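*Asks:* below are the sequence and a predicted model for it; my questions follow.
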Amino acid sequence: MSSSVEDRGVTGGTRGKNEPWMRRVLYRETHSSRAAVSVAAAILVLVLAAYGVLESGVHAVGQPAWLIEPQVAAQRIVDLPAGISPLLLAAIGAVLAMLGLIFFLNGVLPGKRARHLLAGAPGEGFPAVVVDDEVIASSLARRARLAANVTPEQVMVVVSQRQVLVNVRPTSGIPVDQDRVLDAVRDELDQMLLEPAPVPRVNVTASGVIGA
């Protein structure tokens, strides 16, 4: 669990965060990189292109092909699905579809990390702070536990980009005021000033645990 602080050249909370370089830094901190997928795609294309050039060169000098003649390979592709078993064809199609889906989703999805930006108070010179959702969940779990008067093991908090889900298991015979827990979680979120601001929701389970 960690948080990162970017305060280089920030003289005002709002003004610093609106700087173009700061927006780029915050975007990199809150979004996953596409570099790994891009490199994998580039390597795959390079390998296929190098193999095609190699086979073409071998064919040009009259030597036997390493794996298959380019003309033969092209003709087999044109003749599909003839000459190949339906099971193998389905397996190849599934693998290609899966690879295509992976590259497509990495290209169109936002790729947000499990992090939030602490907005801070405008004009007070606060630096830009990026906090892991695990840290936020830990803080909210503490407030919920105190409001519900239960042990840490009886509270579980899940933080996503737009929602905070607090699950509370009460102690048998001791009711939990759900509204009180919700107010405590909201107050903690209001103090954090998260961007984007998640909506809290509290769920008190019907079955309790036996107190020590």
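*Replies:* Good, I have the coordinates. Numbers count the residues shown, from 1 in each chain.
*Asks:* run through the residues that contact Tyr183.
*Replies:* Not quite, residue 183 is Asp, not Tyr. Taking C-beta atoms under 8 Å, 6 or more residues apart in numbering as the criterion, Asp183 is in contact with Ala147. (C-beta placed from N, C-alpha, C; glycine too.)
*Asks:* mind doing that once more with 10 Å?
*Replies:* Arg143, Ala147, Asp177, Pro200, Val202 (C-beta atoms under 10 Å, 6 or more residues apart in numbering).
*Asks:* what do you get for Gln71?
*Replies:* Counted by C-beta under 10 Å, 6+ apart, Gln71 has contacts His59, Ala65.
*Asks:* wait, is it part of a strand?
*Replies:* No. Secondary structure assignment (DSSP: H, G, I helix; E, B strand; the rest coil) places Gln71 in helix, not in a strand.
*Asks:* pLDDT score for it?
*Replies:* pLDDT for Gln71: 75.
*Asks:* so Val164 lies in a strand, does it not?
*Replies:* Yes. With three-state DSSP as the criterion, Val164 is located in a strand.
*Asks:* what about Val176, how many residues nearby?
*Replies:* 20 (other C-beta atoms under 10 Å).
*Asks:* how about it, nearest residue that isn't a chain neighbour?
*Replies:* Pro170 (4.3 Å; C-beta to C-beta, 6 or more residues apart in numbering).
*Asks:* helix or strand right after whichever strand or helix holds Val78?
*Replies:* Element membership of Val78, judged by DSSP states H and E, is helix 70-79. Under the assignment DSSP H and E, the closest C-terminal helix or strand after helix 70-79 is helix 86-108.
*Asks:* who touches that following helix?
*Replies:* 32, 34, 36-38, 40-41, 44, 80-81, 83-85, 111.
*Asks:* determine which two of those are furthest apart.
*Replies:* Ser32 and Gly83 (42.0 Å; C-beta to C-beta).
*Asks:* neighbour count: those two, which is higher?
*Replies:* Ser32 (15 against 9).
*Asks:* that one and Leu105: what is the separation?
*Replies:* 12 Å (C-beta to C-beta, to the nearest Å).
*Asks:* and for Gln191?
*Replies:* Noted for Gln191: a distance of 36 Å to Leu105, by C-beta to C-beta.
*Asks:* follow-up on the earlier one: which of the contacts of helix 86-108 are buried?
*Replies:* Val37, Ala41 (16 or more other C-beta atoms under 10 Å).
*Asks:* got the contacts of helix 86-108 as JSON lines, with pLDDT and distance to Pro64 columns?
*Replies:* Putting these into JSON lines (pLDDT from 0 to 100; distance: C-beta to C-beta, whole Å) gives the following:
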{"residue": "Ser32", "pLDDT": "70", "distance to Pro64": "46"}
{"residue": "Arg34", "pLDDT": "71", "distance to Pro64": "41"}
{"residue": "Ala36", "pLDDT": "76", "distance to Pro64": "38"}
{"residue": "Val37", "pLDDT": "77", "distance to Pro64": "37"}
{"residue": "Ser38", "pLDDT": "78", "distance to Pro64": "36"}
{"residue": "Ala40", "pLDDT": "84", "distance to Pro64": "32"}
{"residue": "Ala41", "pLDDT": "83", "distance to Pro64": "31"}
{"residue": "Leu44", "pLDDT": "87", "distance to Pro64": "26"}
{"residue": "Leu80", "pLDDT": "75", "distance to Pro64": "24"}
{"residue": "Pro81", "pLDDT": "71", "distance to Pro64": "27"}
{"residue": "Gly83", "pLDDT": "70", "distance to Pro64": "21"}
{"residue": "Ile84", "pLDDT": "77", "distance to Pro64": "23"}
{"residue": "Ser85", "pLDDT": "80", "distance to Pro64": "26"}
{"residue": "Gly111", "pLDDT": "67", "distance to Pro64": "46"}
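*Asks:* appreciated, that's everything.
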